[in-house]
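Engineer: missing the sequence, but the structure's below:
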Ligand SMILES: [Zn+2]
C-alpha cells in the first residue's frame, strides 16, 4: 500500500478505537433513556389501572350503601305494616315494593361489579409490580452508566490524542475526503475483491487498481468515494 494509504488506515484504526468508546457510552446512555421511557409507560399504566380500580370501588360503595338504605327502609316499613302501625297502608305497601326493587336492582348490579373489581385489583397489582421491575432495571442501567462513564471519559483522552496525531502527515486532499466520508457515516475504506469495490459493489478503474496494488499511489472508488483498501 502507498504510504498515504497506510497513514489513512492507521488514522481509521485510531478513529474506530475512539468510536468504540463513544458508542459504548452512547449505548449505556441509551439504555438509561430506554428504561426511563419504560418507567414512564409503566407508571402511566399503573395510574390508569389504579384509577379504574378506585372508580369501581366508589361504585361498589355507592351501590352497597343504596342497597343497605333500601333494605333498611323495606324492613322498617314491613315491620310497621306487620304491627298494624302504618298510617297509610297502601303507601306503606308501595314503599316496601319500591325498596325491594331497589335492593334487587343493586344486587344485580353488584354481582358483575365484584368480578370487575377482582379483575381491576389484579390489573392494578400487576401494574404496580411492573413499575417496581422497571424501577429496578432503571437503577441497574444507571449504575452501569455511572460505573463505566469515568473509565470511558478517561480512555477518550488518549484515544482522541492518538486519533488527532494520526492525521499528521496526511495530505489535505485526503483528509478532506476522509472527513467527508466520516460526516456521511460511511466506512472510510472499500476493500477490493475481483476488481470490485466492496463498499459499493462497483468495478474499479483498472489502472488505478493496478497502482493501488503496487502501492505507488492512493486511490479512491469513483463511485462511492471510499479509499481503496485491502485486496481480498
Ligand atoms: Zn465504492
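Structural biologist: On my side now, so go ahead. What you are looking at is a predicted structure, and each value in this text was computed from that prediction instead of being measured.

Engineer: Only C-alpha atoms from now on, for both contacts and neighbour counts.
Structural biologist: Will do.

Engineer: average pLDDT across the longest helix along the chain?
Structural biologist: Ordering each helix of the chain by length in residues (DSSP state H) puts helix 3-82 first. Here helix 3-82 scores 98 as its mean pLDDT.

Engineer: chain center to that helix: distance?
Structural biologist: Centroid separation for helix 3-82 versus its chain: 12 Å, with CA atoms, centre = their mean, to the nearest Å.

Engineer: now swap in stretch 221-232 and tell me
Structural biologist: The chain centre lies 38 Å from the centre of stretch 221-232; the measure is CA atoms, centre = their mean.

Engineer: if I pick residue 29, what's in contact with it?
Structural biologist: By CA atoms under 8 Å, 6 or more residues apart in numbering, the contact set of residue 29 is residue 145.

Engineer: and the gap between it and the ion?
Structural biologist: According to CA to the ion, to the nearest Å, residue 29 and the ion sit 34 Å apart.

Engineer: Check residue 124 too.
Structural biologist: According to CA to the ion, residue 124 and the ion sit 57 Å apart.

Engineer: again, but for residue 214
Structural biologist: 19 Å.

Engineer: so how far is residue 168 from that residue?
Structural biologist: Noted for residue 214: a distance of 24 Å to residue 168, by CA to CA, to the nearest Å.

Engineer: domain ranges for the protein?
Structural biologist: Segmentation of the chain into domains, based on automatic domain parsing, reads 11-165, 172-231.

Engineer: would you turn these into JSON lines with distance to residue 5?
Structural biologist: Output for the domains of the chain, formatted as JSON lines (distance: least, CA to CA, whole Å):
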{"stretch": "domain 11-165", "distance to residue 5": "10"}
{"stretch": "domain 172-231", "distance to residue 5": "6"}
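
Engineer: Can you check what angle separates the helix or strand immediately after the longest helix of the chain in the chain from helix 3-82?
Structural biologist: Downstream of helix 3-82, the first helix or strand assigned by DSSP states H and E is helix 89-165. On the basis of axes from the mean of the first three to the mean of the last three CA atoms, to 10 degrees, helix 89-165 is oriented at 170 degrees to helix 3-82.

Engineer: Now do helix 89-165, average pLDDT.
Structural biologist: 97.

Engineer: Show the subsequent helix or strand relative to that helix.
Structural biologist: With elements assigned by DSSP H and E, the helix or strand that comes after helix 89-165 is helix 172-183.

Engineer: ok, residues contacting that next one?
Structural biologist: Helix 172-183 is contacted by residues 167, 187, 188, 225, 226 when judged by CA under 8 Å, 6+ apart.

Engineer: Show me what the helix or strand just after that helix pairs with in its sheet, parallel or antiparallel.
Structural biologist: Heading C-terminal from helix 172-183, the first helix or strand you meet, by DSSP H and E, is strand 189-193. If you go by DSSP bridges, strand 189-193 pairs up with strand 196-197 (antiparallel), strand 227-231 (parallel).
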